[in-house]
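> Prediction below, plus the sequence it came from.
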Amino acid sequence: MSVVVTGADGYIGWPTALRVADRTDERVIGVDNFSRREWVEDVGSLSATDVADPDTRVAAAREVHGLHNLSFVKGDLTDRAFVDELLQVHEPETVVHTAAQPSAPYSQINGERANFTQHNNMQATRNLAFGLAENDLADTHLIETTTTGVYGAPAFPIPEGGAVMENDGERDEVPFPAMAGSFYHMTKSHDAANLRLAHSQFDIPVSDVRTAITYGTETPETAADPRLATRFDFDYYFGVVAHRFCAQAVAGYPITVYGRGEQRKPFVALEDAVEGLARLALGDPDDRPDDHVVYNQVTRPISIVEMGETVAEVAREFDLGTTVEHFENPRDEDETHQMEIENNRYTELIDGQSVTFEEGVRQVFETITDHADRIAAHEDRFLPG
């Protein structure tokens, strides 16, 4: 048996690769082309934490955790020949696919970035699906982190799976309609549809893990040694809103909430996201609810203003004086939308939430207060324009 983790140099992919390797004696192959580092540099930013090179990471994993089963392979998943060779050589029983250009703002910069994002993300997923089907690996469990962003902001509760529609007295369950709000999120809407089609046509077992906005800086595996740290982006393009708020507090700026900020967004802690992926990767196939399953990888929705107030409150524990300030909202959105999203399947998978938002924010400050100078030097990357 082997497990392939794509996007293994990334924020979620790296700690997932570590946890999976720690829980199995089988080979774990991390795959990445290290483009995330280039994209962040391209927008003039950097990770607040030091991100070691792959060789250093693997060496540290062996030294600190005794993980002699973890290795890195450099390659581009949009290259079909590379994907075929990867699958033929390693014959994985599981592929955890976390690789993608993950930034909605980056995909919206211009047509070139939009085209790149859509080509990169969707071709990688198609190559993996066809690679499994055409290399006699159709029994391989394909787990992909899509996104809760495929749902948009509907006015009704979001199901964990299909939605029931009724027309002319007839009822049926259908895939939730793609209501994505960016060219990035639309790639994951297409991925979800292509995964469903791959399951239908090739009988590939699929777990479509719709990942919420993820907060936190560490898992027990990454916290064990600075060389094992995962990245922490705080800029407008690649830093999620909770992390940008923390960076503002560390740099001595007010926390900027656009408009009323009462709209709720789905969130999950890094620890909870990694735990779910590891359990899916190593779980008994007989324990899966079905051969095609949608998981809403979210532990709770949180309003933007509640996030800002929580960050400000925790910041005071670290002698960081900051306040929440409201700015005119540049986005066309419902500032009072109260998202409701079903997540029973996912919370059962991880046996309930383990890291609250407040705990996650405290963890962030514990990590990044040592990097205040680096964050302050890039303040133009997270301050409102």
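Everything's here; your move.
> Starting from the helix or strand of the chain with the lowest mean pLDDT, tell me which strands it pairs with and how they run.
Least confident helix or strand of the chain, by mean pLDDT, DSSP states H and E, is strand 163-167 with a mean of 85. With DSSP bridges as the test, strand 163-167 is paired with strand 170-174 (antiparallel).
> just the CA coordinates of the least confident helix or strand of the chain, formatted as CSV?
The C-alpha trace of strand 163-167 is given here as CSV (Å, rounded to 0.1, in the frame of the first residue of the first chain):
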residue,chain,number,x,y,z
ALA,A,163,-30.3,18.7,-2.6
VAL,A,164,-33.9,17.5,-3.0
MET,A,165,-35.8,19.3,-5.9
GLU,A,166,-39.4,19.1,-6.8
ASN,A,167,-41.1,19.8,-10.1
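> Check what pLDDT residue 353 gets.
Here the pLDDT value assigned to residue 353 is 79.
> on that earlier part again, what's next to the least confident helix or strand of the chain, contact-wise?
171, 172, 173, 174, 175, 176, 177 (CB atoms under 8 Å, 6 or more residues apart in numbering). Placement of C-beta: from N, CA and C, glycine included.
> For it, what is the distance to the chain centroid?
30 Å (CA atoms, centre = their mean, to the nearest Å).
> Stretch 207-222 too?
Distance, stretch centre to chain centre, for stretch 207-222: 6 Å (CA atoms, centre = their mean).
> Is residue 193 part of a helix or strand, or is it coil?
Three-state assignment for residue 193 (DSSP: H, G, I helix; E, B strand; the rest coil): helix.
> what about it, how many residues close to it?
Applying other CB atoms under 10 Å, we find 15 residues neighbouring residue 193.
> dump the residue contacts of it.
So residue 193 contacts 175, 178 (CB under 8 Å, 6+ apart).
> From residue 187, how far out is it?
As judged by CB to CB, to the nearest Å, residue 193 and residue 187 stand 11 Å apart.
> if I look at these two, which residues touch both of them?
Between them, residue 193 and residue 187 share no contacting residue under CB under 8 Å, 6+ apart.
> where along the stretch 51-200 of the chain do the helices fall?
54-65, 80-90, 104-107, 111-134, 183-202 (DSSP state H, counting those that start in this stretch).
> Let me know the angle separating the second one from helix 111-134.
Interaxial angle of helix 80-90 relative to helix 111-134 (axes from the mean of the first three to the mean of the last three CA atoms, to 10 degrees): 40 degrees.
> how about helix 80-90: buried residues?
Going by neighbour count (16 or more other CB atoms under 10 Å), the buried part of helix 80-90 is 80, 82, 83, 86, 87, 90.
> What are the phi and psi values at residue 224?
Note on residue 224: backbone dihedrals following degrees, to the nearest 10 are phi -70, psi -20.
> Give me the neighbour count for it.
Neighbour tally, residue 224, other CB under 10 Å: 16.
> same question, residue 264
When counting by other CB under 10 Å, one arrives at 20 neighbours for residue 264.
> before we move on, what about the one 5 residues further on?
Neighbourhood size, residue 269 [other CB under 10 Å]: 23.
> Isn't it up against residue 218?
No - here residue 269 does not reach residue 218: they are 10.3 Å apart, not a contact under CB atoms under 8 Å.
> can you give me the strands for the chain?
Listed in chain order, the strands of the chain (DSSP state E) span 2-6, 27-32, 70-74, 94-97, 141-145, 163-167, 170-174, 206-211, 213-215, 255-258, 264-269, 292-297, 300-303, 324-327.
> nearest to residue 242, of these?
strand 213-215 (4.4 Å; CB to CB).
> Quick check: neighbours of the closest one in the sheet, parallel or antiparallel?
strand 264-269 (parallel).
> tell me the contacts of the nearest residue to residue 185 once chain neighbours are set aside?
Using CB to CB, 6 or more residues apart in numbering and skipping the chain neighbours, the partner closest in space to residue 185 is residue 149 (3.8 Å). By CB under 8 Å, 6+ apart, the contact set of residue 149 is 104, 180, 181, 182, 184, 185, 188.
> 10 Å instead?
For residue 149, the contacting residues are 104, 179-182, 184-186, 188-189, 210-213, 265-266, by CB atoms under 10 Å, 6 or more residues apart in numbering.
> Quick check: the gap between it and residue 189.
8 Å.
> can you list residues touching both of these two?
179, 180.
> Tell me which two of the buried residues of helix 80-90 sit farthest apart.
80 and 90 (16.2 Å).
> Surely residue 74 touches residue 29?
No - counting by CB atoms under 10 Å, residue 74 sits too far from residue 29 to count as a contact (11.3 Å).
> Those two: which has the busier surroundings?
residue 29 (22 against 12).
> Just the helices from the stretch 251-385 of the chain, written as ranges.
Using DSSP H, counting those that start in this stretch, helices in the stretch 251-385 of the chain cover 270-282, 304-317, 344-349, 357-368, 372-376.
> could I get the ones you listed as JSON lines with distance to residue 41, mean pLDDT and mean neighbour count?
Listed next are those as JSON lines, based on distance: least, CB to CB, whole Å; pLDDT from 0 to 100; neighbours: other CB atoms under 10 Å:
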{"stretch": "helix 270-282", "distance to residue 41": "23", "mean pLDDT": "98", "mean neighbour count": "24"}
{"stretch": "helix 304-317", "distance to residue 41": "26", "mean pLDDT": "96", "mean neighbour count": "19"}
{"stretch": "helix 344-349", "distance to residue 41": "34", "mean pLDDT": "96", "mean neighbour count": "17"}
{"stretch": "helix 357-368", "distance to residue 41": "19", "mean pLDDT": "96", "mean neighbour count": "20"}
{"stretch": "helix 372-376", "distance to residue 41": "14", "mean pLDDT": "89", "mean neighbour count": "16"}
